[in-house]
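In: Just a sequence and a predicted model for now, questions to come.
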Amino acid sequence: MMGGEDVELPEKSGTVTKDAILPLVLKTLVEKRKLVKNQIKAERDPVKLGQLDIRQKALKLTANSMYGCLGFSSSRFHAQAIAALITRTGRETLLKTKEIAEEKLGFNVVYGDTDSIMINTGTSKLNEALLMGKKLKDEVNCLYKCLEIEIDGVFKSLLLLKKKKYAALNVVNWGTKDEQVVKEVKGLDMVRRDWCSLSKSVGNKVLEEILSGKEREAIVLELNNYLSEIGGKMKDGTMNLAEYVITKQLTRAP
């Protein structure tokens, strides 16, 4: 186990095992990650913060890889039935959470994927949004013994394009003196390595304007002028050729 700490094996009562080994190992990993994330909240040293972040990601990756070991046919721990049960249970839990949010609490669910759900609170006040998140968390957590959801993030604004592709202004360290708003981008062209720098810079500028909070007319006017200027440079050949270069790594012989 990571960190050199031993995992206590489950006790047996006659021939019946109280807790199976796999759930016990997963529970240990999840609890260790919680402890590390709590340390991150209190840590101010940037070097230690980086080390703690690597540790929590390693614990998360190790826990997540359990599913891959169960589902991979060549794995020594292959158990297709358990892997299928995990995905089915995950889907059922996600749908149940959506049902509670919409039908019981009257929230507007805008997105859900694998192990997370996003709701539009309809308010610009952070405290009100957090209160709504807590209501949903309490309603869901009381239904399960070994599953617990948390408020993972609060977005000030969100541009949701499609599955696994979105950009948002994320309010981090809320409720502390270090509270700030940072841009978060998932799955869009500007975070991919196989797009040219021109595509990335244009995409970032468009995102910056859309998420700026300005009036819609002002955003449209600004982007129209900016894109017209870029288009003009591309047509008359004054755009630096280096802006068009795409770097792509070969994964097999040419």
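Out: Yep, it's here. Residues are numbered from 1 along each chain as shown.
In: In the protein, mark out all the helices, start to finish.
Out: Applying DSSP state H to the chain gives helices spanning 21-42, 46-71, 80-99, 126-141, 197-210, 216-236.
In: Of the ones you listed, which is nearest F107?
Out: helix 126-141 (6.6 Å; Cβ to Cβ). (C-beta placed from N, C-alpha, C; glycine too.)
In: Take the helices of the chain and lay them out in a markdown table including mean neighbour count.
Out: Shown next, in a markdown table, are the helices of the chain (neighbours: other Cβ atoms under 10 Å):
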| stretch | mean neighbour count |
| --- | --- |
| helix 21-42 | 15 |
| helix 46-71 | 14 |
| helix 80-99 | 13 |
| helix 126-141 | 15 |
| helix 197-210 | 16 |
| helix 216-236 | 12 |
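In: which residues sit in contact with G175?
Out: By Cβ atoms under 8 Å, 6 or more residues apart in numbering, the contact set of G175 is empty.
In: Tell me the predicted confidence for the closest residue to L49 other than its chain neighbours.
Out: Distances taken as Cβ to Cβ, 6 or more residues apart in numbering place E43 nearest to L49, at 5.2 Å, with adjacent residues excluded. On the pLDDT scale, E43 is placed at 84.
In: now E8
Out: pLDDT for E8: 50.
In: and what of D194?
Out: pLDDT, read off for D194, is 78.
In: In contact with it, which residues?
Out: The contact partners of D194, by Cβ under 8 Å, 6+ apart, come to 246-248.
In: Name the nearest of those residues relative to A167.
Out: I246 (21.7 Å).
In: For L207, see how far away the closest one is.
Out: As defined by Cβ to Cβ, to the nearest Å, I246 lies at a distance of 20 Å from L207.
In: and what of I86?
Out: 35 Å.
In: for N225, same thing?
Out: Using Cβ to Cβ, N225 is found at 17 Å from L207.
In: Repeat that for I40.
Out: According to Cβ to Cβ, I40 stands 27 Å off from L207.
In: How about N224?
Out: Taking Cβ to Cβ, one finds N224 at 16 Å from L207.
In: How about the contacts made by S201?
Out: Taking Cβ under 8 Å, 6+ apart, we find S201 in contact with E243.
In: same thing with the one 3 residues further on?
Out: Neighbour list for N204: M190 [criterion: Cβ under 8 Å, 6+ apart].
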